[in-house]
Each structure stands twice: as C-alpha cells, then as structure tokens.
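J.: how does the following fold in three dimensions:
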Amino acid sequence: MLDIELPSIEAMMTHWIEIILNDTDRMFRLDSDEEFDNAFDQMANALYEAGCDDGTFGCSQRVFSIGFAREAETLEEAVRSAIADVQAAGLRVKQVELSTPPFLDTINAQLAAGSATP
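T.: Numbering: from 1, shown residues only. Sure, this is the predicted structure:
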C-alpha cells in the first residue's frame, strides 16, 4: 500500500459584499462633470492596482461603492480583505453591506413570474 499524503483543500467560497465609500467629495473635487469623470477614473485605477480586481466599482447619486465577489474561507475574511484592499487604494470605507448573489435575482424573477421550476 502506498503512503500518499494529499494536500489539504481549503474550502473557498464566494462572498458577495458591497463596500460604500466615505469622504470622496473631500478627497476629490467633484464640482464639474469633467472633475467627476477624472476622480472616478482615478479611484477605479487605484482600486484595481490595490487588488480589487474582483470588484465592480460604481456610483449612484454621487455615492461611490464597490460590489465584490470575494473568494475567502469565511465571510469575515472576505470583508476584512476587501476593506484592506480599498484602504490600500487610499480610499475610506463608510460601511459594508451584504449583496445578493446574481443567480438569486434570476431565480427570484422566475419565481415571481410563476415559473414552476426556477
């Protein structure tokens, strides 16, 4: 009988979180559309370079946020690593929210439409 040691397999999961940014109006001049566009591009580039390549950066009503699909063993680990990456980009985190995984939106839409099997 062979004595083979298998490597341990970590149980990585995808955690869906959203990080809302704070103080962006103090950090960047957002008075004109051009200044807003420049600030948006600067923040997006800084986030990507800081390791937020698993996040989608966006803005609604001048509130900036990043939606993450972060791989980690635990939700806490996912949240803490995402916050650290955002802070490494020179941005401030206002709050963290849990996001609904996209496949649940599809299933819920099918259920609402009366589909017997989503």
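
J.: going forward, measure contacts between C-alpha atoms and count neighbours the same way
T.: Fine.

J.: torsion angles phi and psi at the residue positioned nearest the centre of the chain?
T.: What sits nearest the mean C-alpha location of the chain, by CA atoms, centre = their mean, is residue 68, with 1.9 Å. With angles defined as degrees, to the nearest 10, residue 68 sits at phi -110, psi 140.

J.: and the gap between the closest residue to residue 53 other than its chain neighbours and residue 104?
T.: Here the nearest residue to residue 53 in space, its sequence neighbours aside, is residue 47; by CA to CA, 6 or more residues apart in numbering that works out to 7.6 Å. Separation of residue 47 from residue 104 (CA to CA, to the nearest Å) stands at 27 Å.

J.: ok, those two, which is more surrounded?
T.: residue 47 (23 against 11; other CA atoms under 10 Å).

J.: downstream of the helix or strand of the chain with the lowest mean pLDDT, the next helix or strand is which one?
T.: Of all helical and strand segments in the chain, the minimum by mean pLDDT, DSSP states H and E falls on helix 24-27, at a mean of 74. Proceeding N to C from helix 24-27, the next assigned helix or strand is helix 33-49, under DSSP states H and E.

J.: contact partners of that next one?
T.: 28, 29, 30, 53, 57, 85, 86, 89, 90, 91 (CA atoms under 8 Å, 6 or more residues apart in numbering).

J.: give the buried residues for it.
T.: Under the neighbour-count criterion of 16 or more other CA atoms under 10 Å, helix 33-49 has 36, 39, 40, 43, 44, 46, 47, 48 buried.

J.: try stretch 19-32
T.: 19, 20, 21, 22, 24, 30.

J.: contacting residues for the second one?
T.: The one in question is residue 20. Counting by CA under 8 Å, 6+ apart, residue 20 has contacts 63, 64, 65, 66, 93, 94, 95, 96, 97.

J.: give me the buried positions along stretch 60-80.
T.: In stretch 60-80, counting by 16+ other CA under 10 Å, buried: 64, 65, 66, 67, 68, 69, 70, 71, 72, 75, 78, 79.
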